[in-house]
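Undergrad: whatever this is, show me its structure:
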Amino acid sequence: MKSMLIAMVSLATTIGIATGPAPAQERMRVGMTSLAPTTLPVWVAKRQGFFKAENLFVEPIVFTSGTINSQAALAGEIDVALGSGTEVFTIRLAGEDARFFFGISNFMPFKLYVNPAIKSPKELKGKRLAVSRFGAQSDFLTRYAISKLGLDPSKDVTILQIGSTPARYAALKSGSVDGTIMWFPVTLIAANEGYRMLADLNDIITDWPYLGYYAMARVLNTQREKVTRYLRAHVKALEWLRDNPKAGVKVLVDDVKIAPAYAEAGYNEFMKAFAFDGRIPIAGFELLMEAEGQKVKGKFKVTDFIDESFHKEFAKK
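TA: Residues are numbered from 1 along each chain as shown. Below you'll find the predicted structure:
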């Protein structure tokens with residue numbers, strides 16, 4: 001599995017932004033799975049010179065998926081990755097040591113939207129709900145949410161495999177399903193078009209490792225001082241964003257390519273969830289492991305996937 005992952009990275013790295021580092025600065029390659037509001041601190045730190053002040057030339061590389069992001073980390077094509085815990089699982093299952101070391105956004109972004117005729121959880125009984133595929137996180141989270149709403153997901157609802165968030169919303173609009181979990185910005189579109197938010201999963205799962213930084217253990221062990229400087233710039237960017245909301249919205253539009261109509265809502269939704277001290281929500285990480293099921297169950301414990309030392313260092317400041 002390891003050799004197959006490494007072999008695929010040569011294709012993955014062609015997607016990145018290739019520019020040469022300034023001679024006096026240390027180069028740092030940061031992989032990310034997509035342009036999303038959670039990447040906002042990276043672009044702010046570049047724009048405002050926070051990386052440069054730490055003697056770093058940071059090269060953000062935007063990949064097309066978390067799988068390719070983890071392949072690049074495994075192959076050493078990036079230094080650190082901005083991604084999910086499931087990407088760390090991929091590397092660990094390939095027999096290598098990667099660690100989720102700094103929380104970026106500790107919240108659950110999914111919301112359950114339904115046909116507006118459904119007014120309460122009990123009215124979901126007998127209805128059809130869409131997930132991406134059986135066994136995926138969307139499947140686990142849907143079943144978990146339904147159980148917390150007082151229904152039995154194996155008996156009271158029918159769960160169908162539909163695909164991505166936009167595909168699931170299209171199925172909801174067509175009447176093929178009665179509800180699905182979705183996230184920003186499709187949730188805003190659904191609300192504007194009259195669909196009902198029946199549950200905010202952030203109220204059910206209050207502390208979730210939605211996104212964070214991870215790296216190979218060898219990088220964290222040999223380049224700790226460099227990684228710490230990077231994190232200092234990241235935190236300065238968060239502080240700048242907190243103090244400059246209008247300018248933060250502009251960065252969302254200019255660099256993250258969020259449509260102007262959704263940028264302010266995106267800023268408000270994600271800014272409140274950024275972890276200034278890099279805390280990793282352990283209970284949420286354990287639930288994430290449960291979502292991954294048999295791939296990691298019984299083979300690993302949560303401490304096999306995380307490094308809390310950076311959080312502890314920044315929490316003291």
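
Undergrad: so residue 70 touches residue 84, yeah?
TA: No: using C-beta atoms under 8 Å, residue 70 is not in contact with residue 84, being 9.3 Å away. No exception for glycine: its C-beta is placed from N, CA and C like everyone else's.

Undergrad: ok, the two, which is more surrounded?
TA: Set residue 70 next to residue 84 and count neighbours by other C-beta atoms under 10 Å: residue 70 wins out with 31 against 21.

Undergrad: helix, strand or coil for the more buried one?
TA: Of the three states, residue 70 takes helix according to DSSP: H, G, I helix; E, B strand; the rest coil.

Undergrad: list the contacts for the closest residue to it other than its chain neighbours?
TA: Here the nearest residue to residue 70 in space, its sequence neighbours aside, is residue 87; by C-beta to C-beta, 6 or more residues apart in numbering that works out to 4.0 Å. Residue 87 sits next to 33, 66, 67, 69, 70, 73, 81, 98, 214 when contact means C-beta atoms under 8 Å, 6 or more residues apart in numbering.

Undergrad: which of those has the largest number of neighbours?
TA: Within the contacts of residue 87, most neighbours by other C-beta under 10 Å means residue 70, with 31 neighbours.

Undergrad: report pLDDT for that residue.
TA: Looking at residue 70, its pLDDT is 91.

Undergrad: one more: residue 18?
TA: 43.

Undergrad: now swap in residue 4 and tell me
TA: For residue 4, pLDDT reads 45.

Undergrad: try residue 93
TA: For residue 93, pLDDT reads 87.

Undergrad: that one and residue 296 touch, don't they?
TA: Yes: with contact defined as C-beta under 8 Å, residue 93 reaches residue 296; the gap is 7.4 Å.

Undergrad: looking at these two, which one has more neighbours?
TA: residue 296 (22 against 15).

Undergrad: could you list the low-pLDDT ranges of the stretch 201-317 of the chain?
TA: Along the stretch 201-317 of the chain, the parts satisfying pLDDT under 70 run over 317.

Undergrad: would you map the strands across it?
TA: Taking DSSP state E, counting those that start in this stretch, the strands of the stretch 201-317 of the chain run over residues 211-216.

Undergrad: same deal with the stretch 51-200 of the chain?
TA: Using DSSP E, counting those that start in this stretch, strands in the stretch 51-200 of the chain cover 56-62, 80-83, 98-105, 111-114, 128-131, 158-161, 179-182, 196-200.

Undergrad: and those as CSV, adding mean pLDDT and distance to residue 28?
TA: Below are the strands of the stretch 51-200 of the chain laid out as CSV (pLDDT from 0 to 100; distance: least, C-beta to C-beta, whole Å):
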stretch, mean pLDDT, distance to residue 28
strand 56-62, 96, 5
strand 80-83, 95, 7
strand 98-105, 96, 14
strand 111-114, 98, 35
strand 128-131, 97, 37
strand 158-161, 96, 39
strand 179-182, 96, 34
strand 196-200, 97, 36
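
Undergrad: turn those into a markdown table, including distance to residue 242.
TA: Putting those into a markdown table (distance: least, C-beta to C-beta, whole Å) gives the following:
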| stretch | distance to residue 242 |
| --- | --- |
| strand 56-62 | 21 |
| strand 80-83 | 19 |
| strand 98-105 | 14 |
| strand 111-114 | 24 |
| strand 128-131 | 35 |
| strand 158-161 | 40 |
| strand 179-182 | 27 |
| strand 196-200 | 23 |
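
Undergrad: for residue 50, grab the count of nearby residues.
TA: 23.

Undergrad: in space, what's closest to it - neighbours in sequence excluded?
TA: Distances taken as C-beta to C-beta, 6+ apart place residue 233 nearest to residue 50, at 3.9 Å, with adjacent residues excluded.

Undergrad: the one you found and residue 266, how far apart?
TA: To residue 266, residue 233 is 22 Å away according to C-beta to C-beta, to the nearest Å.
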